[in-house]
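Student: Take a look and give me a structure for this.
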Amino acid sequence: MAQINLSTRIKAFLVAMRAKNAKNFAPVAKALTAGSLIPGDIVYFRYVLRDKNGKWTRDERIALIVSCNRGPGGFFISTRNNMLLASFKLDNRDPEIVGFLLKSLYKNRRACNYYKIIDALSVILGKRDFRTYKVKSSYNVHEFTVDTGTLPTLETQDEE
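Tutor: Prediction:
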């Protein structure tokens, strides 16, 4: 497997999530399609976007895929005819909170429905962490696997 060059921010997040090696990453098929990921999957990817000044820039994300009414598999076509991926951004939150959420949402296709979880996740993560990403602007996509038994949780933090 090719080496993934991660930013310091993403590395710190992964260490806090107790994912210390590259075995947690599996490359997704070369073309990111509706069948390549399902709601409940966690994905790492690089993304091309415009910054506040209108300049093109690159960033990386770790996100939880969710389904929505416009696309039950987490993917849907926008009104501008772009394929979009619906997700909640995870890498900018406390690992204990993310671990607590993933204990019930990771790989749980039914639970990872935007309309079922939006109220709870909006309180915990904030509405600004729900994102749609243009599939054609995403690259270096890897599925991130988690051992839910080793995730940091709010209870773990209290015990220390």
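Student: Stretch 35-45: which residues count as buried?
Tutor: Of all the residues in stretch 35-45, those buried under the rule 16 or more other CB atoms under 10 Å are Ser36, Leu37, Ile38, Pro39, Gly40, Asp41, Ile42, Val43, Tyr44, Phe45. Every C-beta, even on glycine, is put in place using the N, C-alpha and C of the backbone.
Student: any chance of these in a markdown table, plus distance to Tyr114?
Tutor: Conversion of these to a markdown table gives the following (distance: CB to CB, whole Å):
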| residue | distance to Tyr114 |
| --- | --- |
| Ser36 | 19 |
| Leu37 | 15 |
| Ile38 | 14 |
| Pro39 | 9 |
| Gly40 | 12 |
| Asp41 | 15 |
| Ile42 | 16 |
| Val43 | 16 |
| Tyr44 | 21 |
| Phe45 | 19 |
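Student: Show me which of these is closest to Ile10.
Tutor: For those, the residue nearest Ile10 by CB to CB is Tyr44; the value is 7.4 Å.
Student: and the closest one, helix, strand or coil?
Tutor: In the three-state summary, Tyr44 is assigned as strand, counting by DSSP: H, G, I helix; E, B strand; the rest coil.
Student: Which residue or residues pair with it through a beta bridge?
Tutor: Each beta-bridge partner of Tyr44 is listed here: Ile62, His142, as defined by DSSP bridges.
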